[in-house]
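[1] Predicted model, plus sequence, below.
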Amino acid sequence: MFLGKKILYLPTCHSTNDIAAEIVRDATYPEGTLIITDQQTAGRGQRGHAWVTSQGQNFTLSLLLKPTFLRPEASFLLSQAVALGVRNYLQRYLKSVWVKWPNDIYIHDYKAGGILIENTWQGSRLTHSVVGIGLNINQSTFEAPRATSLRLETGQLWSLPAELPWLLQSLEQYYLRLRNGAEAAIREEYMSCLLGYQQARAFRAGDEVLTGTIVGVSTAGRLRVEVVPEGRIREFEVKTIEWIWPAD
């Protein structure tokens with residue numbers, strides 16, 4: 001296993017993704033290097049949101065990858081493969097694990113994790129990717145609504161050192177599948193576990209509130225929604241649309 005073969009452990013840091021970005025061109029840190037911390041003070045999530053986690057209770061980590069084999073138009077596949085790797089790990093213990101577009105991890109309708117991938121390009125060539133993952137394992141209370149953890153879902157505490165190899169093994173499995181050309185299979189599996197797929201949902205796009213059905217995700221990673229009542233399919237970039245959840 002090459003993911004995590006070299007580990008940079010920091011008891012506390014501002015952001016594992018930022019640390020990874022600082023060392024990405026240092027040859028002493030090969031592909032698969034893991035940066036992991038107990039406490040992140042300035043973690044970032046999608047849409048510019050902060051990623052808040054309790055100290056020492058969850059996985060807060062980043063991986064250095066070099067997916068130079070990916071074409072620019074297919075770079076969203078990395079996001080899909082990583083999300084599937086995290087989901088596959090959780091499915092060791094749980095059944096109802098979903099990916100919410102683009103790459104949040106949900107158990108039932110509650111968020112258990114998030115992924116933030118930051119790519120470095122040289123022209124049209126993808127040279128490095130920093131893959132940040134936050135996954136709720138032992139946290140039992142949350143400030144954010146609609147959040148959960150492996151502990152809350154299973155009723156037991158988990159050893160993070162014992163679970164880390166299983167998570168890395170699952171991530172590596174899907175990354176190698178991607179590297180070996182299983183693009184169609186990854187896209188198909190991603191759609192099979194996409195939260196809300198073929199279901200009517202409410203969304204907010206800027207100042208617009210709309211109802212529609214998720215009918216797919218484009219190769220470039222745009223969410224495809226069939227909007228009612230007009231029946232027109234619209235595509236949305238990341239950060240341009242959000243779900244409106246029903247009141248619990």
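    That came through fine. Numbers count the residues shown, from 1 in each chain.

[2] Please make it C-alpha for all contacts and neighbour counts, starting now.
    Noted.

[3] what mean pLDDT does the biggest helix by length in the chain have?
    Scanning the chain for the longest helix, with DSSP state H as the assignment, gives helix 160-179. Helix 160-179 carries an average pLDDT of 99.

[4] What of stretch 219-239?
    For stretch 219-239, the per-residue pLDDT averages 95.

[5] Equivalent analysis for stretch 192-201, please.
    Rounded mean pLDDT across stretch 192-201 is 96.

[6] and the end-to-end length of it?
    End-to-end distance for stretch 192-201: 17 Å, by CA to CA, to the nearest Å.

[7] buried stuff in stretch 229-245?
    Neighbour counts using 16 or more other CA atoms under 10 Å place 233, 235-236, 241-242 of stretch 229-245 among the buried residues.

[8] what are the ranges of the helices in this protein?
    Going by DSSP H, the chain shows helices at 16-23, 76-90, 150-154, 160-179, 183-192.

[9] Need those helices in TSV (columns: distance to residue 107 and mean neighbour count).
    Formatted as TSV, these follow (distance: least, CA to CA, whole Å; neighbours: other CA atoms under 10 Å):
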stretch	distance to residue 107	mean neighbour count
helix 16-23	24	20
helix 76-90	9	23
helix 150-154	8	16
helix 160-179	16	17
helix 183-192	15	15
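
[10] now those as CSV including distance to residue 225?
    Converted to CSV, these look like this (distance: least, CA to CA, whole Å):
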stretch, distance to residue 225
helix 16-23, 31
helix 76-90, 18
helix 150-154, 30
helix 160-179, 26
helix 183-192, 14
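
[11] closest to residue 227 out of those helices?
    helix 183-192 (18.9 Å; CA to CA).

[12] Can you show me the CA trace of the longest helix of the chain as PDB?
    Extracted C-alpha coordinates of helix 160-179, given in PDB (Å, rounded to 0.1, in the frame of the first residue of the first chain):
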ATOM      1  CA  LEU A 160      -8.700   6.000  15.000                       C
ATOM      2  CA  PRO A 161      -5.200   4.300  14.600                       C
ATOM      3  CA  ALA A 162      -6.900   0.900  14.000                       C
ATOM      4  CA  GLU A 163      -9.300   2.300  11.500                       C
ATOM      5  CA  LEU A 164      -6.900   4.500   9.500                       C
ATOM      6  CA  PRO A 165      -5.400   1.600   7.500                       C
ATOM      7  CA  TRP A 166      -8.800   0.400   6.400                       C
ATOM      8  CA  LEU A 167      -9.700   3.900   5.200                       C
ATOM      9  CA  LEU A 168      -6.400   4.300   3.300                       C
ATOM     10  CA  GLN A 169      -6.800   0.800   1.800                       C
ATOM     11  CA  SER A 170     -10.200   1.700   0.500                       C
ATOM     12  CA  LEU A 171      -9.000   5.000  -1.000                       C
ATOM     13  CA  GLU A 172      -6.100   3.300  -2.600                       C
ATOM     14  CA  GLN A 173      -8.300   0.600  -4.100                       C
ATOM     15  CA  TYR A 174     -10.400   3.200  -5.900                       C
ATOM     16  CA  TYR A 175      -7.500   5.400  -6.900                       C
ATOM     17  CA  LEU A 176      -5.800   2.500  -8.500                       C
ATOM     18  CA  ARG A 177      -9.000   1.500 -10.300                       C
ATOM     19  CA  LEU A 178      -9.100   5.000 -11.700                       C
ATOM     20  CA  ARG A 179      -5.400   4.900 -12.700                       C
END
